[in-house]
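1. here's my sequence, what's the structure:
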Amino acid sequence: MVATPVKTKTTGQYYTTRIDLALDIRKAMVEILSQTLAASLDLKTQVKQAHWNVKGLNFYQLHSLFDEMATELEDYGDMVAERITALGGTALGTARIAAANSILPEYPANIVDGSEHIVALAERYALYAAHLRSAIDTTGNQGDADTADLYTEISRDIDKRLWFLEAHLIKSEDVIE
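-> Alright, predicted model coming up:
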């Protein structure tokens, strides 16, 4: 059996709901949330890639850190998918859909050193964090304070994880005065 490539879309069907947001607002929110769902699922698998393949002096600490980070990302993906369905949308979260719609670059398959994994993950966390901050503004400006609040909650945690990653990379010459 040969897999046939399928053109993916970022949103699915919509359902009626008693949430007091107009359908056009709900559709706009689901579009943004769907981008976030794809990126969240993609980032989780990239963190797991690092978790499985990290080597070096700090193996155990990084292996454990990356596992914690992947678990958090799974929770964020679930929160985002549930918000999509609460708004009457369809959460599209298969691996193929996530890969096709993610804002993140592909994770390098040939790295093993802990510091290389940290750099690769920090780059991706920074992109994801920027997406979240943009989504806070967009969803808030369109009148969906609940979705903006969800993004704020996730953004705070992602900034903390980015700090954890970057703390491994800071050298004395990186100090800004």
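2. ok, and the closest non-adjacent residue to V112?
-> K55 (4.4 Å; Cβ to Cβ, 6 or more residues apart in numbering). Backbone N, C-alpha and C define where each C-beta goes, glycine included.
3. ok now do that neighbour, which residues does it touch?
-> V112, D113, G114 (Cβ atoms under 8 Å, 6 or more residues apart in numbering).
4. one more: D157?
-> Here D157 is in contact with E72, Y76 (Cβ under 8 Å, 6+ apart).
5. what about 10 Å?
-> By Cβ atoms under 10 Å, 6 or more residues apart in numbering, D157 lies in contact with M69, E72, L73, D75, Y76, A129, L132.
6. ok, which pair from those residues is furthest apart?
-> D75 and A129 (16.5 Å; Cβ to Cβ).
7. so those two - more neighbours on which side?
-> Taking other Cβ atoms under 10 Å, D75 and A129 do not tie; A129 has more neighbours (18 against 14).
8. secondary structure class of that one, three-state.
-> helix (DSSP: H, G, I helix; E, B strand; the rest coil).
9. run a quick neighbour tally on L169.
-> L169, neighbours per other Cβ under 10 Å, totals 11.
10. excluding its backbone neighbours, what's nearest it?
-> In space, L169 is closest to I118, 6.1 Å off (Cβ to Cβ, 6+ apart).
11. and the strand or helix carrying the one you found, what does it pack onto?
-> Assigned by DSSP states H and E, I118 falls within helix 114-141. Counting by 3 or more Cβ pairs under 10 Å, 6 or more residues apart in numbering; DSSP states H and E, the packing neighbours recorded for helix 114-141 are helix 23-53, helix 59-86, helix 145-167.
12. since that was my last question, I'll sign off now.
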